[in-house]
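> Below are the sequence and a predicted model; questions follow.
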Amino acid sequence: MTLIKFIEIIAILVGAFSGFIEARRKRMDMVGVFTVAFITAFGGGTLRDILLDRRPLFWVTHQEYAILIFVLALVATPLIRTVRQIVSERLIVIADAIGLGMFSVVGVAAALDAHMPIFIASMMGVITGIFGGVLRDIVCNEVPMVFRDGKPYAICAFLGNWLFLAMKHYHFPHDLAIWWSAVFISGLRLVTWRFDLRLGR
Amino acid sequence: MTLIKFIEIIAILVGAFSGFIEARRKRMDMVGVFTVAFITAFGGGTLRDILLDRRPLFWVTHQEYAILIFVLALVATPLIRTVRQIVSERLIVIADAIGLGMFSVVGVAAALDAHMPIFIASMMGVITGIFGGVLRDIVCNEVPMVFRDGKPYAICAFLGNWLFLAMKHYHFPHDLAIWWSAVFISGLRLVTWRFDLRLGR
Amino acid sequence: MTLIKFIEIIAILVGAFSGFIEARRKRMDMVGVFTVAFITAFGGGTLRDILLDRRPLFWVTHQEYAILIFVLALVATPLIRTVRQIVSERLIVIADAIGLGMFSVVGVAAALDAHMPIFIASMMGVITGIFGGVLRDIVCNEVPMVFRDGKPYAICAFLGNWLFLAMKHYHFPHDLAIWWSAVFISGLRLVTWRFDLRLGR
């Protein structure tokens, strides 16, 4: 298994996991838990692909991920309280930051492939990174967390996306640009989280 | 009028009707009543077609259904209390179960037509069957009922979709597979409803 | 700058502005303010284009509008209270009515271009005109205003769209039909607002 595949699976699992928790907090049943987990994990990339008119969707080509979340929903629904005790909040934030970095930068690259202008490409990256959580919160009947908690999250993705665009502009190798930008986003997220920095309102 | 056309109209009317009721409960005006009824009736199939990139949409090709719901919204909005007294809950559940069966199996068939892998096809069937109601609840600012009431609904569709996939795999005639699976879903829904079975949480 | 370009910018700014206000009322941070403003300004046209399968999207071709809203979100978020005092409610309603007229009629024209049947085209126009606000309210976790306040808004768009369709049917020049119908919608909205007319519930 390549490193990027491994990180991809981690990022999807973290997305799904945050969906599990939110769905259970809303006292949803197994159908809700699966659906919300699925939407959280794949909603951002799906919305991006619909806006760009790219098909087939990621989770259609890789149905193994959909099956994985399905099995986890079956297994995890009764166990969710136990799982939450094992997995510390710190671990979730770290894994989520890694996912944010990967998803965002891959989203920008996909938008550039589809010949989007650069500001739009940077937005598509942010959409890929954050809209899973936005759709999760809409389905769970909440004002999306990422729009109201004032912590830098979308901003980290946005800045890292521009780092990626700059590196592409100056002809850095593609893989190098992907990795540096993703690490930048994840790192920035973790640093701002650690020191509890807030955006001005 | 063929039998399948007749059932299709019944299924759409039932979807629209549940939209009417929910919209009126939220004290919406005529515009809201029409929109919510429309979304409930066509939302699941529309989302499926967007995900599969199929066009034209069902209700675009058959604008008579859109006009039908429009006229009903005009007529029914002032009469909705009377209508609810005439139409018993039992009748609604039965008609809704028929709609769930038809819509879900037709959704799987559409996904197979679009060369989806089978697990995804089974999901597309469930999306077709339940997302009208999910979108209705989101627009009405509720946590979707189908995710939280713990009654088998999506599960019935899911199981019946696999029956359909199995029958296709073993080369049953297409129409036979459609009818048996749809009847299976409707029947399973009605039996579990009658005996008030619940999913584990 | 042509007149139509000028009106377009006004209409987009008004949409964005109503998003700003709603997002601030929900105490959102800068990310939320930008996103909600963007969704309000472009959500209706984006949904129409997804339903019609038209690409590239309007705001992709014109990234200057996305950048404009981005800059305004940066600048306006701290100033929003001041801005609200300068801009009277009357001014907002007038600008919004102009936007409703333009967006709706342009939406119908786009749907006719895509060979939609006429009832569907009239609906696509209404969707273009009102769904920015609907999506804004869904993201802000409210029952959409346009579905519940009982004031003619979608109805004005709907009637004006049919005026446009009639003028096209009788071979009026395209531009004339656009302008007359847009003015009709804006005027009807302002008259019904001025006299506080309500739809029956």
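Nice, I can see it.
> For chain B, what's the nearest residue on chain A?
Nearest residue of chain A to chain B: residue A:32, at 2.8 Å (C-beta to the nearest C-beta). Backbone N, C-alpha and C define where each C-beta goes, glycine included.
> Helix or strand for that residue, just tell me which one.
Element membership of residue A:32, judged by DSSP states H and E, is helix A:30-52.
> Near chain B, which residues of chain A are found?
Counting by C-beta under 8 Å from any C-beta of the partner chain, the residues of chain A lying close to chain B are A:23, A:26-32, A:35-36, A:46, A:50, A:53, A:55, A:57, A:59-60, A:63, A:66-67, A:70, A:77-78, A:138-141.
> and the residues you listed, which are buried?
A:23, A:26, A:28-32, A:35-36, A:46, A:50, A:57, A:59-60, A:63, A:66, A:70, A:77, A:138-140 (16 or more other C-beta atoms under 10 Å in any protein chain shown).
> Spatially nearest residue to residue A:137 (excluding sequence neighbours)?
The shortest distance from residue A:137 to any non-neighbouring residue, by C-beta to C-beta, 6 or more residues apart in numbering or on different chains, is to residue A:144 (4.2 Å).
> Break down chain A into its helices, ranges please.
In chain A, helices defined by DSSP state H lie at A:3-25, A:30-52, A:58-61, A:63-86, A:89-113, A:118-139, A:154-169, A:174-194, listed in chain order.
> a markdown table for those helices, including mean pLDDT?
Compiled in a markdown table, the helices of chain A are given as follows (pLDDT from 0 to 100):
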| stretch | mean pLDDT |
| --- | --- |
| helix A:3-25 | 84 |
| helix A:30-52 | 95 |
| helix A:58-61 | 92 |
| helix A:63-86 | 84 |
| helix A:89-113 | 90 |
| helix A:118-139 | 96 |
| helix A:154-169 | 97 |
| helix A:174-194 | 95 |
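> show me the contacts for residue A:54.
Contacts for residue A:54 (C-beta atoms under 8 Å, 6 or more residues apart in numbering or on different chains) come out as A:48, A:110, A:114.
> cool, residue A:126 as well?
A:104, A:107, A:154, A:157-158, A:161.
> hmm, which two among these are most spread apart?
Among the contacts of residue A:126, the pair separated by the greatest distance (C-beta to C-beta) is A:107 and A:154, at 12.3 Å.
> okay, these two: which has more neighbours?
A count of neighbours by other C-beta atoms under 10 Å in any protein chain shown puts residue A:107 above the other of residue A:107 and residue A:154, at 30 against 26.
> so which of the residues of chain A next to chain B are also by chain C?
Cross-checking the residues of chain A next to chain B against chain C (C-beta under 8 Å from any C-beta) gives A:50, A:53, A:138, A:141 as the overlapping residues.
> Tell me the one of these nearest residue B:169?
Proximity of these to residue B:169 (C-beta to C-beta) peaks at residue A:50, which lies at 30.5 Å.
> can you pull the contacts of that closest one?
Taking C-beta under 8 Å, 6+ apart as the test, what residue A:50 contacts is B:50-51, C:50.
> can you check residue A:141 too?
Counting by C-beta under 8 Å, 6+ apart, residue A:141 has contacts A:26, B:138, B:141-143, C:141.
> May I see those arranged in CSV, with distance to residue C:183 as well?
Formatted as CSV, the contacts of residue A:141 follow (distance: C-beta to C-beta, whole Å):
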residue, distance to residue C:183
A:26, 47
B:138, 35
B:141, 35
B:142, 39
B:143, 43
C:141, 35
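> Among those, which are located in strands?
Cross-referencing the contacts of residue A:141 against strands under DSSP state E gives no overlap.
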